[in-house]
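Asker: give the three-dimensional model of this entry:
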Amino acid sequence: MEMKYQILIFVVALSFGSAFSQSCFRCASISWNNEDVDLPTSESGYPSCDDGNLQVVDCSSQGGCLKVDYSFEFNIALVGSVSSETVIRDCGANLNACERATEEQLNAQRGIINSGLPAGVEFVSGSGNACLCSGNLCNGAPGLSISITALLASLLVSYIVIKW
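Answerer: Numbers count the residues shown, from 1 in each chain. Model (predicted):
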């Protein structure tokens, strides 16, 4: 009987000793006025989230996944009103946490947001979500949230894409 317990303990020890693997989707999709912006994978490192073949990457060193989903509207000198939709999926921290920035929250910060944008670009409105999650491929589902700081950083990325 004692031998059975030793085998059981050995099997349990082996299962705890196996390496934890964290897999996440990795992609980016950006559209302006409902037209996709072509981001070549070779330059951005991210395949499009709109493709049926999402890239799966090993995020074991970070321990979790990230998904950012946001939309912004800008007034751009000599262009007019421009709307932006962005989804980014990648590795993230080993947390299960979400934040959401509503249109009302961002509109209350419009002055601060516009002070960080270049001349000729004015933030009109926006909202967004971002989540960190720890399950395998957990960043494929909708319904995420983001902090206002992360949204401000995303605004900067959006501006760079406009200039690109």
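Asker: any low-confidence regions in the protein?
Answerer: Low-confidence segments of the chain (pLDDT under 70): 1-20, 38-44, 51-53, 141-164.
Asker: give me the helices and strands touching the host helix or strand of R26, please.
Answerer: Here R26, judged by DSSP states H and E, is contained in strand 23-32. With contacts defined as 3 or more C-beta pairs under 8 Å, 6 or more residues apart in numbering; DSSP states H and E, the secondary structure elements packing on strand 23-32 are strand 55-58, strand 63-76, strand 80-93, helix 148-163. Heads up, the C-betas are built off the backbone N, CA and C, glycines and all.
Asker: now for the residue lying closest to G120 once chain neighbours are set aside: which residues touch it?
Answerer: Distances taken as C-beta to C-beta, 6 or more residues apart in numbering place A77 nearest to G120, at 3.6 Å, with adjacent residues excluded. A77 makes contact with 119-121, according to C-beta atoms under 8 Å, 6 or more residues apart in numbering.
Asker: return the distance of A77 relative to L117.
Answerer: Between A77 and L117 the computed distance is 11 Å (C-beta to C-beta, to the nearest Å).
Asker: repeat that for C24.
Answerer: Distance from C24 to L117, by C-beta to C-beta: 31 Å.
Asker: neighbour-wise, which of the two wins?
Answerer: C24 (27 against 17; other C-beta atoms under 10 Å).
Asker: show me what the nearest residue to that one once chain neighbours are set aside is bridged to.
Answerer: Among residues not flanking C24 along the chain, C65 sits closest, at 3.6 Å (C-beta to C-beta, 6+ apart). Beta-bridge pairing for C65 (DSSP bridges): C91, C133.
Asker: identify the residues contacting C65.
Answerer: 22, 24-25, 59, 89-92, 132-135, 137-139.
Asker: still on that earlier bit, as a markdown table, the contacts of A77 with secondary structure, distance to N96 and neighbour count would be great.
Answerer: Below are these laid out as a markdown table (DSSP: H, G, I helix; E, B strand; the rest coil; distance: C-beta to C-beta, whole Å; neighbours: other C-beta atoms under 10 Å):
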| residue | secondary structure | distance to N96 | neighbour count |
| --- | --- | --- | --- |
| A119 | coil | 41 | 6 |
| G120 | coil | 40 | 11 |
| V121 | strand | 35 | 19 |
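Asker: nearest to G45 among those?
Answerer: For these, the closest approach to G45 (C-beta to C-beta) belongs to V121, at 25.4 Å.
Asker: and the gap between the closest one and G128?
Answerer: 18 Å.
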